[in-house]
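Student: Make a model of this:
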Amino acid sequence: MDGNELVLVCPSEDMEEEVLRYKEEHFACGDMQVHGSGGLAYYDRYDEWLNRIRSMRRNTTDNPVQTSTFFSRRVTDGKLIGCIKIHHTLTDELESGGHIAYGIRPSERGKGYGRQQLLLCLEYARQLQMKQVIIACDRDNAASAKTAMSCGGRLVKEFEEDGIPKQHYLIEV
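Tutor: Next comes the predicted model:
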């Protein structure tokens with residue numbers, strides 16, 4: 001992989017059909033959620049989800065933390081490969097979840113796309129003038145931990161949340 005195979009794109013109205021196929025692939029493989037999507041799995045209507053993530057991009061009284069959500073699109077064929085979101089800041093409530101959450105569609109896992117997608121998001125974090133980001137993952141999610149470490153992440157904390165062992169990886173941006 002040459003490192004320029006993916007680009008980040010903001011979800012839009014014209015992506016509805018391909019986003020719903022992306023979501024359905026996760027469900028068909030037994031995934032209970034669509035990591036990095038800002039809750040796509042919990043919405044029956046695409047337009048409602050799209051409005052939610054668009055509202056999260058703005059800092060308001062109801063939304064004190066701006067969050068940007070992107071899909072990664074493969075340049076060669078336009079296929080949606082993954083989804084990634086970044087909280088521009090963290091509140092105490094969001095700290096356990098970290099700044100960045102990501103996922104790759106089941107049929108494209110294990111091909112190095114997670115690392116490439118995270119590197120693109122870290123470039124976006126630099127544009128936001130963030131100095132560091134925290135990535136949280138379940139302790140038994142070796143693929144997510146490997147992705148974070150491949151981008152310079154170092155394990156800084158282990159903890160439990162709702163009885164599930166978790167880890168925090170810190171990446172200097």
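
Student: where along this structure do the strands fall?
Tutor: For the chain, applying DSSP state E gives strands covering 6-9, 67-74, 80-87, 100-104, 132-138, 154-161, 164-172.

Student: Please point out which parts of the first one sit buried.
Tutor: Read it as strand 6-9. Along strand 6-9, these residues count as buried under the neighbour rule (16 or more other CB atoms under 10 Å): L6, L8. To be clear about C-beta, it is placed using only N, CA and C from the backbone, and glycine gets the same treatment.

Student: Distance check, the closest residue to E160 other than its chain neighbours against D92.
Tutor: With CB to CB, 6 or more residues apart in numbering as the criterion, E160 has its nearest non-adjacent residue at 6.7 Å, and that residue is K166. Separation of K166 from D92 (CB to CB, to the nearest Å): 16 Å.

Student: Looking at these two, which one has more neighbours?
Tutor: Neighbours were counted for K166 and for D92 using other CB atoms under 10 Å; K166 has more, 19 against 6.

Student: hang on, that one packs against V156?
Tutor: No. Counting by CB atoms under 8 Å, V156 is not a contact partner of K166; they are 11.9 Å apart.

Student: what separates N141 from R74, distance-wise?
Tutor: Here N141 is placed at a distance of 23 Å from R74 (CB to CB).

Student: what's the answer for T60, then?
Tutor: Counting by CB to CB, the separation of T60 from R74 is 34 Å.

Student: before we move on, what about L90?
Tutor: Note on L90: its distance to R74, by CB to CB, is 30 Å.

Student: same thing with R126?
Tutor: Counting by CB to CB - R126 and R74 are separated by 23 Å.

Student: Please identify which of the two sits among more neighbours.
Tutor: Comparing R126 with R74 by other CB under 10 Å, the one with more neighbours is R74, at 16 against 11.

Student: Chain neighbours aside, what residue packs nearest to that one?
Tutor: I81 (5.2 Å).

Student: is it true that that neighbour touches F70?
Tutor: No. Counting by CB under 8 Å, I81 stays clear of F70, with 11.2 Å between them.
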